[in-house]
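Peer 1: sequence first, predicted coordinates after that:
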Amino acid sequence: MTFSLPFLKKQPCVAVVRLSGAIGMAGRNSMSDASLAPVLEKAFRKGKPAAVALEVNSPGGSPVQSSLIGARIRRLSEELDVPVIAFVEDVAASGGYWLAAAADEIWADDSSVLGSIGVISSGFGAHVFLARQGFERRVHTAGKSKSMLDPFAPEKKEDVARLIGLLNDIHGNFIDHVKARRGDKLDQSAELFTGEVWLARRAQELGLIDGIGHLKPKMQERFGDKVKFRRYGQRKPLWSRLGASLAQDAIAGLEERAAYARFGL
């Protein structure tokens, strides 16, 4: 049985959730709403934290998973009346910035990379190679758009136009999210949604973050020197910890490395 002594003041506690890696990418430590749901639920609900601090270090990934994770953070924050403060490490770009923008405040290191408020779709075309090797591509569909952007067939203008329309719609959703979360803090005269990235000082001038600051000193400044920290993060599955599925992890690692490399990291 636990007894509470009314004259002993309970020290505030900040729940720290690490959001690191690519979003929605198969394998390794990829973030998804399903994998983060139990982590976020526990962080917000256990012991009534004074705040939830997000350690964000992500080059982005799936727009859907970014949206789902961000929406879950907002629901828990509003339901439990717990403020959320994001602290950016190396990068919060694209979907990584989407997650940071789910917080009530965003702080970063001087050299953090932020932004990339845009949408990208990449692929390859191998039809010339196949033709040179004497391969014939055979595809049969019911529905004229079913084989849209087949990498083994020549690109069609109507397929590209359809893809650009989808990308523009997703970009619009991203812009709406940033405007809703950052509001009047944003520099209304600047072009913020071109996919460009900035270092933290410039991002602060543009209203994309609230300032330069690190997690522990900023939380001590706000909640006192004796504030406690309770950390939460994704755990690797047992098969991954034992070294299984090495091929999948290696491929996912290369993809994630390429995602970070886009920002010089």
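Peer 2: Received the coordinates, thanks.

Peer 1: which helix in this structure runs the most residues?
Peer 2: helix 157-182 (DSSP state H).

Peer 1: tell me the mean pLDDT over that one?
Peer 2: Throughout helix 157-182, pLDDT has a mean value of 93.

Peer 1: numbering from 641 from now on, please.
Peer 2: In the new count, where the first residue is 641, that last one comes out as helix 797-822.

Peer 1: excluding sequence neighbours, find me the nearest residue to the residue nearest to the spatial centre of the chain.
Peer 2: Most central in the chain under C-alpha atoms, centre = their mean is Gly736, positioned 2.9 Å from the mean C-alpha point. Excluding its sequence neighbours, the residue lying closest to Gly736 (C-beta to C-beta, 6 or more residues apart in numbering) is Ser698, at 3.2 Å. Backbone N, C-alpha and C define where each C-beta goes, glycine included.

Peer 1: coming back round to it: report the buried residues of the longest helix of the chain.
Peer 2: Using 16 or more other C-beta atoms under 10 Å as the test for burial, helix 797-822 gives His811, Phe814, His817, Val818, Arg821, Arg822.

Peer 1: before we move on, what about stretch 747-759?
Peer 2: Trp747, Ala748, Ser752, Val753, Leu754, Gly755, Ser756, Ile757, Gly758, Val759.

Peer 1: and if you look at stretch 650-668?
Peer 2: Those would be 652-659, 661-665, 667-668, for stretch 650-668 by 16+ other C-beta under 10 Å.

Peer 1: and if you look at stretch 851-863?
Peer 2: Here stretch 851-863 shows Gly853, Leu855, Lys858, Met859, Phe863 as buried, counting by 16+ other C-beta under 10 Å.

Peer 1: return the distance of it from the chain's centre.
Peer 2: From the chain centre to the centre of stretch 851-863 is a distance of 22 Å (C-alpha atoms, centre = their mean, to the nearest Å).

Peer 1: let me see the mean pLDDT of it.
Peer 2: Stretch 851-863 comes out at a mean pLDDT of 97.

Peer 1: ditto for stretch 742-751
Peer 2: 98.

Peer 1: how about the helices in the stretch 791-905 of the chain?
Peer 2: With DSSP state H, counting those that start in this stretch applied, the stretch 791-905 of the chain shows helices at 797-822, 840-846, 855-863, 878-881, 886-901, listed in chain order.

Peer 1: quick one on the thing from earlier: what sits against the residue nearest to the centre of the chain?
Peer 2: Leu659, Ile663, Val696, Asn697, Ser698, Pro699, Gly700 (C-beta atoms under 8 Å, 6 or more residues apart in numbering).

Peer 1: from these, which is closest to Tyr872?
Peer 2: Among the contacts of Gly736, Leu659 lies closest to Tyr872 (C-beta to C-beta), at 10.3 Å.

Peer 1: so after the strand or helix carrying that closest one, what's the next helix or strand?
Peer 2: Assigned by DSSP states H and E, Leu659 belongs to strand 653-660. Sequence order places helix 673-685 as the next helix or strand after strand 653-660, per DSSP H and E.

Peer 1: relative orientation of that following helix and strand 653-660 in degrees?
Peer 2: Going by axes from the mean of the first three to the mean of the last three C-alpha atoms, to 10 degrees, helix 673-685 is angled at 170 degrees with respect to strand 653-660.

Peer 1: what about dumping the CA coordinates of the helix or strand following helix 673-685 to CSV?
Peer 2: Once the chain leaves helix 673-685, the next helix or strand it forms, by DSSP H and E, is strand 691-698. The C-alpha trace of strand 691-698 is given here as CSV (Å, rounded to 0.1, in the frame of the first residue of the first chain):
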residue,chain,number,x,y,z
ALA,A,691,4.5,18.0,-20.1
VAL,A,692,5.5,15.5,-22.9
ALA,A,693,8.7,16.4,-24.6
LEU,A,694,9.3,15.0,-28.1
GLU,A,695,12.9,14.3,-29.2
VAL,A,696,12.5,14.6,-33.0
ASN,A,697,15.2,13.4,-35.4
SER,A,698,13.6,12.3,-38.7
